[in-house]
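Novice: model the structure of this input:
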Amino acid sequence: MNEDIWDYHPTAGYRAGVELVGYRVEATDGHIGKIDDHSETVGAAYLVVDTGVWIFGKRVLLPVGTITRIDTAERTVQVGRTKEEIRNAPEYDPAEHAGEPSYLERFARYYGQPRM
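Specialist: This next block holds a predicted model:
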């Protein structure tokens with residue numbers, strides 16, 4: 001698994017302990033949803049984004065390595081992916097995630113190295 005995609009980039013503006021749940025998520029081409037869950041696990045950190053009605057309520061997992069900027073004042077997270085890339089991502093299934101140790105590998109393969 002590519003570890004870089006699961007770690008914050010130093011320029012993203014992440015500060016440990018900041019609660020990101022509820023922040024708006026912006027793709028490179030517009031709004032995609034709000035953060036529903038956030039893991040700070042070192043080497044496996046991710047966001048779960050509820051896309052609401054945008055793509056029929058799909059929940060997607062975004063490795064934190066896709067984050068380009070966190071704005072705590074505006075409560076937004078910008079990611080370096082397009083709406084189309086996120087729309088085509090595997091759907092997040094918390095039941096499968098909890099029972100399958102290799103679950104994150106599927107997302108690592110899909111997202112690959114962040115494009116910064």
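Novice: need the strands for this protein, in chain order.
Specialist: 24-27, 30-39, 46-50, 59-63, 67-71, 76-79 (DSSP state E).
Novice: to residue 9, which of the ones you listed lies closest?
Specialist: In terms of C-beta to C-beta, the element of the strands of the chain nearest to residue 9 is strand 67-71, at 7.0 Å. Where C-beta positions appear, they are placed from N, C-alpha and C, glycine not excepted.
Novice: ok, and what's touching that closest one?
Specialist: Strand 67-71 is touched from outside by 8-9, 12-14, 18, 20, 23, 47, 76-80, 116, with contacts defined as C-beta atoms under 8 Å, 6 or more residues apart in numbering.
Novice: and those, which two are furthest apart?
Specialist: Pairwise distances across the contacts of strand 67-71 (C-beta to C-beta) peak at 20.7 Å, for the pair 18 and 116.
Novice: follow-up on the earlier one: could you dump the strands of the chain into CSV with mean pLDDT and mean neighbour count added?
Specialist: Below are the strands of the chain laid out as CSV (pLDDT from 0 to 100; neighbours: other C-beta atoms under 10 Å):
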stretch, mean pLDDT, mean neighbour count
strand 24-27, 96, 20
strand 30-39, 93, 17
strand 46-50, 92, 22
strand 59-63, 91, 23
strand 67-71, 97, 18
strand 76-79, 98, 22
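Novice: so which of those strands is nearest residue 108?
Specialist: Smallest distance to residue 108 across the strands of the chain (C-beta to C-beta): 6.9 Å, for strand 59-63.
Novice: what angle separates that closest one from strand 46-50?
Specialist: For strand 59-63 against strand 46-50, the angle by axes from the mean of the first three to the mean of the last three C-alpha atoms, to 10 degrees is 150 degrees.
Novice: now the angle between strand 30-39 and strand 59-63, please.
Specialist: Strand 59-63 and strand 30-39 are oriented at 80 degrees to each other (the same axes, to 10 degrees).
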